[in-house]
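Visitor: Give me a 3D structure for the following:
(one chain, ligands or ions: 1)
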Amino acid sequence: MRYHAASTDSLMFITPRPEIVFERGEGSWLFDHTGRRYLDFIQGWAVNCLGHCPPEITEALAGQAAKLINPSPAFYNGPMVELAGLLTAHSVFDRVFFANTGAEANEGAIKLARKWGRLNRAGAHEIITFGHSFHGRTLATMSASGKAGWDTIYAPQVAGFPKAVYNDIASVEALIGPQTVAVMLEPVQGEGGVIPAEPGFLRALRQLTAERGILLIVDEVQSGMGRTGKLFAYEHAGIAPDIMTLGKGIGGGVPLAALLAREAVCCFEPGDQGGTYNGNPLMTAVGVAVLKRLLAPGFLAGVEARGQYLAQRLGELSDRHGLPGERGSGLLRALILADERGPQLVAAALTMQPQGLLLNSPRPNLLRFMPALNVSEAEIDQMIGQLDALLQQ
Ligand SMILES: *Cc1c(COP(=O)(O)O)cnc(C)c1O
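Guide: Take a look at the predicted model:
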């Protein structure tokens with residue numbers, strides 16, 4: 001495709017992309033190069049938690065860009081310190097390391113657990129993860145992930161990630177051995193098809209890992225930052241994990257991620273961990289603005305209410321079309337299809353008239369919904385109306 005003077009052929013091919021170029025975003029809406037508009041229920045893959053280009057973010061970016069962009073990660077800066085303080089004050093964790101992507105935060109979690117195991121568990125280094133899990137696209141995080149085929153594409157894998165069965169505590173117990181240092185999971189499996197961990201399973205995991213003296217790591221890159229109606233999804237189970245990773249929503253669209261840990265686990269020494277951009281004020285200033293909005297009175301209650309509303313509307317749609325149902329947590333939800341029409345529906349939604357609809361199908365038998373956390377009931381109604389028309393065809 002040609003766009004202005006350039007050709008899209010200059011980009012390395014990694015995924016098929018539709019023949020449109022997005023030029024502008026506003027709240028729940030995206031506009032392409034022809035001016036056509038799209039109702040966005042992907043939001044950069046659960047990233048734009050306040051929608052496209054919210055004033056909080058554009059003001060934080062412009063204000064910080066005019067003051068200080070990057071003094072180097074070897075120095076303190078104001079937004080870095082403020083955001084770490086807000087995160088520890090509103091979670092069970094004591095310390096924060098900032099990164100740029102969810103995968104990088106998870107790499108940090110894996111390194112921290114392995115170092116802790118070397119110091120405290122006679123070199124134990126295995127981290128039990130789960131089938132169908134997704135932890136990122138670096139070599140170690142792909143090895144930690146339970147996606148079919150990922151064990152061979154870039155073989156040999158990084159060793160030490162035995163896979164248990166999600167929501168099955170006996171399968172975890174069976175894998176624990178002298179080399180085990182941690183269990184790592186997503187409180188809601190996102191890419192795996194929006195499958196929430198049962199609260200009882202999370203509580204049993206916390207009890208089991210505590211009894212065996214190993215760490216519990218929650219990957220909240222997708223489920224954290226208000227997505228499920230609580231600031232962090234682990235809160236639904238009333239547990240206190242040892243390590244948590246954040247990404248996606250924490251930056252509201254800009255590259256920001258974080259690794260959080262309890263004091264007793266923080267064993268990095270100078271040289272063990274770092275990164276050129278970690279904690280840079282341009283991104284952490286956005287993080288502060290996003291988190292303050294999520295913490296504003298009534299915001300999370302609104303997410304929960306609209307999560308319930310989306311669940312109810314999807315449930316009605318499912319009944320009307322004789323589908324198997326819906327599932328999810330807060331504003332991270334899936335509509336289960338009776339067949340493998342997911343990718344077809346996504347493509348048809350994109351080209352709908354008079355306006356497009358952006359949906360995602362992480363598995364062919366379901367559609368995933370991850371709107372902005374401030375999506376309105378009217379926008380949910382519009383999405384349901386468009387989807388209803390699509391399902392009728
Ligand atoms: C998206 C995601 C990641 C990877 O984050 P990137 O920023 O793409 O590296 C890791 N874990 C979970 C649960 C995710 O949803």
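Visitor: who's in contact with the nearest residue to P187 once chain neighbours are set aside?
Guide: If the residues on either side of it in the chain are set aside, P187 comes closest to A233, at 3.7 Å by Cβ to Cβ, 6 or more residues apart in numbering. Quick note: C-beta positions are derived from backbone N, CA and C, even for glycine. By Cβ atoms under 8 Å, 6 or more residues apart in numbering, the residues touching A233 are 187-188, 196, 218, 220, 223-224, 227, 329.
Visitor: Could you do P71 as well?
Guide: P71 sits next to 77, 281 when contact means Cβ under 8 Å, 6+ apart.
Visitor: how does it look with 7 Å?
Guide: N77 (Cβ atoms under 7 Å, 6 or more residues apart in numbering).
Visitor: same check, this time on K67
Guide: So K67 contacts nothing (Cβ under 7 Å, 6+ apart).
Visitor: how much space between L39 and the ligand?
Guide: L39 sits 22 Å away from the ligand, going by Cβ to the nearest ligand atom, to the nearest Å.
Visitor: from what I can see that residue touches L357, true?
Guide: Yes. Using Cβ atoms under 7 Å, L39 is in contact with L357, at 5.0 Å.
Visitor: what residues do these two have in common as contacts?
Guide: M383.
Visitor: Just give the nearest non-adjacent residue to H33, would you?
Guide: V21 (4.4 Å).
Visitor: And K147, by the same measure?
Guide: F134 (6.3 Å).
Visitor: can you point me to the longest helix in the protein?
Guide: Criterion DSSP state H: the longest helix present in the chain is helix 299-320.
Visitor: ok, residues contacting the following helix or strand past that one?
Guide: Next helix or strand after helix 299-320 toward the C-terminus (DSSP states H and E): strand 325-329. With contact meaning Cβ under 7 Å, 6+ apart, strand 325-329 is reached by 188, 194, 196, 228, 233, 311, 314-315, 318, 333-336.
Visitor: list the contacts for the residue of the stretch 51-200 of the chain found nearest the ligand?
Guide: Residue of the stretch 51-200 of the chain nearest the ligand, by Cβ to the nearest ligand atom: G102 (2.3 Å). Each residue near G102 by Cβ under 7 Å, 6+ apart is listed here: 136, 221, 245, 247-248, 257.
Visitor: Show me which of those is closest to V81.
Guide: Nearest to V81 among those: A257, at 17.4 Å, using Cβ to Cβ.
Visitor: what is that closest one paired to in the beta sheet?
Guide: For A257, the beta-bridge partners under DSSP bridges are A99.
Visitor: measure it to the ligand for me?
Guide: With distances taken as Cβ to the nearest ligand atom, A257 is found 6 Å from the ligand.
Visitor: I'd guessed that residue sits against A103; true?
Guide: No. A257 is beyond contact range of A103, at 8.3 Å (criterion: Cβ under 7 Å).
Visitor: Buried residues in the host helix or strand of A349, which are they?
Guide: A349 belongs to helix 342-350 when assigned by DSSP H and E. Buried residues in helix 342-350, defined by neighbour count with 16 or more other Cβ atoms under 10 Å: 342, 345-346, 348-349.
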